[in-house]
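>>> Attaching a predicted model along with its sequence, questions to come.
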Amino acid sequence: MAISILDPLKDRQGGVRKSADWYRTNIQNLGSINRRKLMASGRLNGIPSAGRLNMFFYDPKFKKQLPYYDVFPLVLPLETIPGGFMGLNFHYIPPLQRFKLLQFLHRFATGGMKSNTRINATWDGVKGFGVVKKTIKKYLYNHVRSSFLRIDFDESAMAVYLPVQQFRKGKPY
């Protein structure tokens, strides 16, 4: 497997949670991030990884009706729906709010700051947290245009700061 773009930052992080400023600064120091290289350097799956963040290319079914949409979402799946899944797309909120949402979700995590840690959140468990309503989206499998890039828990704080969102027709913030 190729070396992940995030591996150098994981090494510097040293398995310890850092401040929002640390993640933001270190991601900026990486320079330009290419979505396709990011996908090629990671762990790809045919289905989204439950309890972990996932990135993938997506072509929304109702894109003509939407005021804007993200074609490269960063999603934490919460529940299955007929033909797809519902999840939190972190790209619909600014990076600092993404980090705060991730901090909130840590209460649903099992096992510390490890790669195999999972976030066992449900819609009922998160719907009361302020920014969640802006992030909840439904994704249909027949509109997914790539494999799913699995973001392990120890990479999640880095991933929320990656400037890889790809909105069409406008932006949510």
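That came through fine. Residues are numbered from 1 along each chain as shown.
>>> what about the longest helix in this structure?
Assignment by DSSP state H gives helix 95-105 as the longest helix of the chain.
>>> residues of it that come out buried?
95, 97-102, 105 (16 or more other Cβ atoms under 10 Å). In short, each C-beta sits where N, CA and C put it, glycine included.
>>> Now do the very next helix or strand once past that helix: distance to the chain's middle.
Note on helix 95-105: by DSSP states H and E, the next helix or strand toward the C-terminus is strand 109-110. With Cα atoms, centre = their mean, to the nearest Å as the basis, strand 109-110 stands 17 Å off its chain's centre.
>>> now do stretch 135-148
Worked out by Cα atoms, centre = their mean, stretch 135-148 lies 12 Å from the chain centre.
>>> how long is it from one end to the other?
End-to-end distance for stretch 135-148: 18 Å, by Cα to Cα, to the nearest Å.
>>> now what about that stretch, what contacts it?
For stretch 135-148, contacts defined as Cβ atoms under 8 Å, 6 or more residues apart in numbering pick out 39, 44-49, 54-61, 73, 75, 78, 81, 83-90, 92-93, 101, 123, 127.
>>> as a whole number, average confidence for the longest helix of the chain?
For helix 95-105, the mean per-residue pLDDT is 94.
>>> Only alpha carbons, please: show it as CSV.
Provided in CSV are the C-alpha atoms of helix 95-105 (Å, rounded to 0.1, in the frame of the first residue of the first chain):
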residue,chain,number,x,y,z
PRO,A,95,-13.3,23.9,9.5
LEU,A,96,-13.3,25.1,13.1
GLN,A,97,-17.0,23.9,13.5
ARG,A,98,-15.9,20.5,11.9
PHE,A,99,-13.3,20.2,14.6
LYS,A,100,-15.8,21.0,17.3
LEU,A,101,-18.3,18.5,15.9
LEU,A,102,-15.5,15.9,15.9
GLN,A,103,-14.8,16.7,19.6
PHE,A,104,-18.5,16.3,20.4
LEU,A,105,-18.5,12.9,18.6
